[in-house]
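In: Sharing a model prediction with you, sequence too.
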2 protein chains.
Amino acid sequence: MTERARIARIAELLGGGGEGVDVGIGDDAAVLSAPPGGKLVWTVDEQVEGVHFRREWLSWRDLGWRSFMAAASDLGAMGATPWCALSALVLPPDVDDAALEQLVEGQRAATQEVGAPIVGGNLSRGPVVSIATTLLGTCERAVTRSGARVGDGLWLAGRLGFAAAGLGALASGRGGDLRLVDAVAAWRSPRALVAEGNALRSLANACVDVSDGLACDVGHLAEASGVAVVLDEAALRGQPGLGEAAAALGRDELDLVLHGGEDYALVVASPAAIPGFRPIGACRAGRGVVLRSASGERGVEPRGFDHFQWPRLPP
Amino acid sequence: MTERARIARIAELLGGGGEGVDVGIGDDAAVLSAPPGGKLVWTVDEQVEGVHFRREWLSWRDLGWRSFMAAASDLGAMGATPWCALSALVLPPDVDDAALEQLVEGQRAATQEVGAPIVGGNLSRGPVVSIATTLLGTCERAVTRSGARVGDGLWLAGRLGFAAAGLGALASGRGGDLRLVDAVAAWRSPRALVAEGNALRSLANACVDVSDGLACDVGHLAEASGVAVVLDEAALRGQPGLGEAAAALGRDELDLVLHGGEDYALVVASPAAIPGFRPIGACRAGRGVVLRSASGERGVEPRGFDHFQWPRLPP
């Protein structure tokens, strides 16, 4: 299939239009009717083969789904409503038309879940698969990382540590272990917490999504806001099934919770409870991230994924 | 340098802000104040090492510049004014901090030329360098590919064939040939015709930028508009210096003009002359692309770059 034929097929699979979309796939650029007032929230995320995934660890459909959700999660973390997306695909010659269709089908399913159609993109050859997803969202007020105040509670929506356990299972060839099936699904099919993000925007002072690990991401929130974050260890333990998964991997449960990324949970600093979020700590004067347990407090250093310090995937 | 330190350094190099930019680099997403009324025009372009360029063919600064201009050209072709951009970089471990700084410096220079700051992005490891640039622009009325009418003149701004000659020179190790220096510069440092694009929007019925080759891109315009495009061979010949460059490469000049991409010229269908554009043909009833010369007419098949048909770069 030629590039042009592939683009036509992708456009067909993705369907057309969406609110405010004047021109979609197929022209030099997409054309949108700017929303009346409000803010635009804009993000890009890229998933690269060999860095974020290996082909044998997930289906093409999963890959399309999770690459879209990873980008959508950033909008959730700003309290924004996803509006529309662009998708830039890099595909090696050995990705055949059937694989591309499944990838696009996964993207399409994610766009429908999130409520933001893909309205354009780019297609290129390359040595490995790469998917750069750009998303535009709208909101009245964006929730940044920098608004947390001393005295705010810290609230969590979603799970922590499961995706990292799933990645560990796949990387060690134990994806079929029944104790790890849920974790593998968490890594393969994350869900951006867009509705939860919408719920928080009138109440929250600050928010981050947990893409690189709780300690790392709340560390960003703490630093940007000029506060210290105290995490309550008891509140972080006991997620159903994570203990078993950790045991199956020979990993520490709390370590997975603190440092495992890609679950795309949301962490919010807010003076009041938020529907759908549970308390996991608080903000106080100081800096950094502290873990509080019955036996006292200890500092937690970020150990999330940093591409420029170590490779994510096992060699 | 850690990923976080690199992002901080990139943010420092790029400078902050821009009109309507509430939150720039460093949060989960950028936040923009939606322009009052009008249209948003939105595009993404990706440049991949080994597909669109080889490192030895250009400086890191050139790479940053040309990757940005390739995306900006799409906005020019819609008659849009660039507003702001996101940059998703994939960098192998052997791209050091100095190289990254030069790449970002090239991007920054392009953002200033075009008038659209980079307000966010993504940083990832990968096996080859890749730069995905997403650009938002604004306009009152977007000029698409599909509005050309029978009887419209066809008008050109910019040069054709030079970038392809420059690529040919670099690929064959003749970048130092004095007859090819101008062509090499055209490939390394293209300029998106944003001002020209702004000039056309009140008059033009349709527009495309020439990224894949004139025959290919006006073929898209013809198809989308349901017209035939007649190109005037005499108007396409005689660009100063192209004949010499073609001779130095042993290539046919007209072949470079018709099928060479990446000059990012603009081609417009319009009933009236447009300042800064010169006439190169017309639209008539029918379909496809026709070349008209003193000796008659012949059809021109697109032979621009198609990633999915053949590789752009010599093996």
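Out: All right, it came through fine.
In: quick one: A:Ala132 and A:Thr43 touch, right?
Out: No: using Cβ atoms under 8 Å as the test, A:Ala132 is too far from A:Thr43 to be in contact (11.0 Å). For glycine as for every other residue, the C-beta is placed from the backbone atoms N, C-alpha and C.
In: secondary structure element for A:Ala183?
Out: Using DSSP states H and E, A:Ala183 falls within helix A:181-188.
In: Can you list the buried residues in that helix?
Out: A:Asp182, A:Ala183, A:Val184, A:Ala186, A:Trp187, A:Arg188 (16 or more other Cβ atoms under 10 Å in any protein chain shown).
In: Which positions in the stretch 101-250 of chain A make contact with chain B?
Out: Taking Cβ under 8 Å from any Cβ of the partner chain, the part of the stretch 101-250 of chain A that reaches chain B is made up of A:119-128, A:130, A:132, A:134, A:136-138, A:142, A:144-146, A:207-209, A:224.
In: now A:Arg108, nearest residue through space, not along the chain?
Out: A:Leu14 (5.4 Å; Cβ to Cβ, 6 or more residues apart in numbering or on different chains).
In: In helices, which of the residues of the stretch 101-250 of chain A next to chain B fall?
Out: Here DSSP state H is the test, and those give A:Ala224 as lying in helices.
In: Whichever of the residues of the stretch 101-250 of chain A next to chain B end up buried, select them in PyMOL.
Out: Per 16+ other Cβ under 10 Å, the buried members of these correspond to this PyMOL selection:
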select buried, chain A and resi 119+120+121+122+123+124+125+126+127+128+130+132+134+136+137+138+142+144+145+146+207+208+209+224
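In: How much space separates the most centrally placed residue in chain A from chain B?
Out: With distances taken as Cα atoms, centre = their mean, A:Ala70 lies nearest the centre of chain A, 3.5 Å away. Distance of A:Ala70 to chain B, computed by Cβ to the nearest Cβ, to the nearest Å: 10 Å.
In: how about that residue, secondary structure?
Out: Put simply, A:Ala70 is helix when judged by DSSP: H, G, I helix; E, B strand; the rest coil.
In: Test my guess that it contacts A:Thr133.
Out: Yes: at 7.3 Å, A:Ala70 counts as touching A:Thr133 under the criterion of Cβ under 8 Å.
In: Find the residues that touch each one of these two.
Out: Common neighbours of A:Ala70 and A:Thr133 (criterion: Cβ atoms under 8 Å, 6 or more residues apart in numbering or on different chains): A:Asp45, A:Gln47.
In: Buried ones in stretch A:94-104, by neighbour count?
Out: Those buried within stretch A:94-104 under the rule 16+ other Cβ under 10 Å are A:Val95, A:Ala99, A:Leu100, A:Glu101, A:Gln102, A:Leu103, A:Val104.
In: In helices, which of those residues appear?
Out: A:Ala99, A:Leu100, A:Glu101, A:Gln102, A:Leu103, A:Val104.
In: nearest to B:Gly250, of those residues?
Out: Ranked by distance to B:Gly250 (Cβ to Cβ), those are led by A:Leu100 at 37.5 Å.
In: ok, which stretches of chain A are helices?
Out: A:3-14, A:60-77, A:97-114, A:162-171, A:181-188, A:194-200, A:214-225, A:233-236, A:242-249, A:253-259.
In: Who are the packing partners of the second one?
Out: This points to helix A:60-77. Using 3 or more Cβ pairs under 8 Å, 6 or more residues apart in numbering or on different chains; DSSP states H and E as the contact test, the elements touching helix A:60-77 are strand A:39-48, strand A:81-91, helix A:97-114, strand A:130-139, helix A:181-188, helix A:194-200, strand A:206-210.
In: Compute the inter-axis angle for it and helix A:97-114.
Out: Per axes from the mean of the first three to the mean of the last three Cα atoms, to 10 degrees, the angle that helix A:60-77 makes with helix A:97-114 is 30 degrees.
In: How far off centre is helix A:60-77?
Out: Distance of helix A:60-77 from the chain centroid (Cα atoms, centre = their mean, to the nearest Å) equals 6 Å.
In: In that helix, which residues are buried?
Out: Of all the residues in helix A:60-77, those buried under the rule 16+ other Cβ under 10 Å are A:60-77.
In: Repeat that for the fourth one.
Out: By neighbour count, and taking 16+ other Cβ under 10 Å as the criterion, the buried residues in helix A:162-171 are A:Phe162, A:Ala163, A:Ala164, A:Ala165, A:Gly166, A:Leu167, A:Gly168, A:Ala169, A:Leu170.
In: Among those residues, find me the one that's closest to chain B.
Out: A:Leu167 (15.7 Å; Cβ to the nearest Cβ).
In: Kindly indicate which of the buried residues of helix A:181-188 lies nearest chain B.
Out: A:Trp187 (17.5 Å).
In: Tell me who's in contact with the closest one.
Out: With Cβ under 8 Å, 6+ apart, A:Trp187 has these contacts: A:Trp57, A:Leu58, A:Arg66, A:Phe162, A:Ala163, A:Ala164, A:Ala165, A:Gly166, A:Leu167, A:Leu170, A:Glu262.
In: With pLDDT as new columns, can these be given to me in JSON lines?
Out: Below are those laid out as JSON lines (pLDDT from 0 to 100):
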{"residue": "A:Trp57", "pLDDT": "96"}
{"residue": "A:Leu58", "pLDDT": "97"}
{"residue": "A:Arg66", "pLDDT": "98"}
{"residue": "A:Phe162", "pLDDT": "97"}
{"residue": "A:Ala163", "pLDDT": "96"}
{"residue": "A:Ala164", "pLDDT": "95"}
{"residue": "A:Ala165", "pLDDT": "96"}
{"residue": "A:Gly166", "pLDDT": "96"}
{"residue": "A:Leu167", "pLDDT": "95"}
{"residue": "A:Leu170", "pLDDT": "95"}
{"residue": "A:Glu262", "pLDDT": "94"}
